[in-house]
Structure formats: C-alpha cells, structure tokens
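Chemist: structure for this input, please:
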Amino acid sequence: MSHDTINSLRLRRLLYTQGMSADLALPAHLDVMGQAQRLARPVTFLRPSGEGAPVALWGGTPSVPLPPELVVTDEDDLEDGAFFDHWLSIDARRLPVPLPGCLSLYEQSVEPLLLHNPEATLDMSGGTPLYAHPGIELPHINALFRSGTPALQAWMAELLGETPAALLARSDIGAYRHPTLDGLDQRLRSAHPLWAGGVTAQLGGWAWGWPDEAWDTRESRGERLLLTTFERSEPWIEVWWTERGLAGVAHLT
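Modeler: The predicted structure follows:
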C-alpha cells in the first residue's frame, strides 16, 4: 500500500470518527473536500498515552536546563511567577525540520524561550510523557481558498459577492458571511485539536491564524510551523523554523 493511499485512508477515518456530516451541500463538480484532502498536511499529535517510547515530556525536568543567569531564586519573584516555567522538552529529531539533540520550551509572562542542545538526550524525570500519534490535518477555509483551483475560488467568491482577486488580497475571506461557507469552515475545523481537544501539543500542520497574527504572515516568508501547544492555553505557543533558525511566539485571544 502506497504512502498516499495510507494517508487517504487515515484522512477518511479521521473525518468519519469526528462525525463530519455528509449533508453539507457542496458542488460535486468542484470536489471541494477532495481538494481539501490534497492540501492536507502530515502532523504528529502528542498525547499522554500511546505505544512505543515517549518522544517528549510535558513539565517535569527539562532536557535542556536554563543557563545559571536565567535561574530565578528570589522568593518574591517565584511567588509572583516571574520565572521561566518549563513547558515541554522534545526529542528534536521528531520535529518537522529534524534537529539533533533536544529542544526545551519555557514560558515566562507569555513570552516563550527556546533552548536547543544538539548533545542533549530526552530526560523523562517527572512531568507527563508524551507519545507520537501520526495524523493528517486539513487546511482551514482561508488556505483552501488560497490554494484551491480557480473554479473553487470563483464559486466561493460568488457566494460572498466578491471577486476572487479581492479575496486573494486578504488573509481572511470572511466565510462566516455565507451559510454554506460557514458550514464548510466548521467541517474543516472539527477535527483540529483547538476545537476537538485531546492533544497536548502538535508537530507540523497549518497555521490557523490568531488575533495578533494572520495565518499566512509567516508562511509568506517561507517559515515553517514546527510545534503548537494546546495544554495550559492560553497562551498557545508556536515554534517556527525561520531563516535564522528556531523562533517561538505566544498567542492570546
């Protein structure tokens, strides 16, 4: 069985298990969900149960410790939460852009700190072990419009009373303005951990956008989404691969 066939079967199972109804009226000749499937991206869900060896640790002992100058010992600062809190350590070889060693993610006052040590090994002391669950993520409706066929773009634009060119100039097409597109938007969202839950963090996938940053801001610069946290949110923390290497950003709603 080919890799593409396996991915297709995984996607169909994912859609079914998430209870995605088939009663949404979509033009058959456009193969809307087929286009979404072809744009789906491989992801790895990190969950606190699974088979094999854990690939990450939530909380507990960081695999890449803080340098001494960043360790807070003042009792008042500790009481006020003014310290770097270890959220996640992961075997960096499992990232969508594989790196040697381990990556540790810290947070202080809604500011992420990333520490990568190519010589480190994963420390599983304390905390919650996380296991890898391969999956597939459908694009959100704005990405589907942006990367869909001209015929799909024309259909969506007509429903919204606009031209494809006008919508292509924006990050958010405003799908909520038409019930069919709003229903399609909900269908595409239904399996995502942000709405479905059950996932501590995720490797890879689509950027869905936040109030402070559009979904295509970083992708337009050629950056690649490596990791998104869902546990303990808000904030949600993203880790990106940029031309300068690793970069972390926290988002609030």
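Chemist: look up phi and psi at G50.
Modeler: Reported as degrees, to the nearest 10, the phi and psi values for G50 are phi 160, psi -180.
Chemist: now the residue lying closest to it once chain neighbours are set aside, which residues is it bridged with?
Modeler: In space, not counting the residues next to it along the chain, G50 is nearest to Y131; the distance is 2.7 Å by CB to CB, 6 or more residues apart in numbering. The C-beta positions use only the backbone N, C-alpha and C, and glycine is treated the same way. Counting by DSSP bridges, Y131 forms beta bridges with R47.
Chemist: so Y131 makes contact with T44?
Modeler: No - look at Y131 against T44 with CB atoms under 8 Å: they stay out of range, at 9.8 Å.
Chemist: so which of the two has more stuff around it?
Modeler: T44 (22 against 18; other CB atoms under 10 Å).
Chemist: run through who's touching the one helix or strand that one maps to.
Modeler: For T44, the element it lies in under DSSP states H and E is strand 41-47. The list of residues contacting strand 41-47 from outside it, by CB atoms under 8 Å, 6 or more residues apart in numbering, reads 7, 55-56, 90, 94, 130-137, 139, 193, 198-206.
Chemist: now do T44 against L227, distance only.
Modeler: T44 sits 9 Å away from L227, going by CB to CB, to the nearest Å.
Chemist: who touches both of these two?
Modeler: Residues touching both T44 and L227 (CB under 8 Å, 6+ apart): 202-203.
Chemist: so who does the residue nearest to P235 when sequence neighbours are not counted touch?
Modeler: Computed as CB to CB, 6+ apart, the closest residue to P235 that is not its neighbour in sequence is A250, at 4.0 Å. For A250, the contacting residues are 107, 110-112, 235-238, by CB under 8 Å, 6+ apart.
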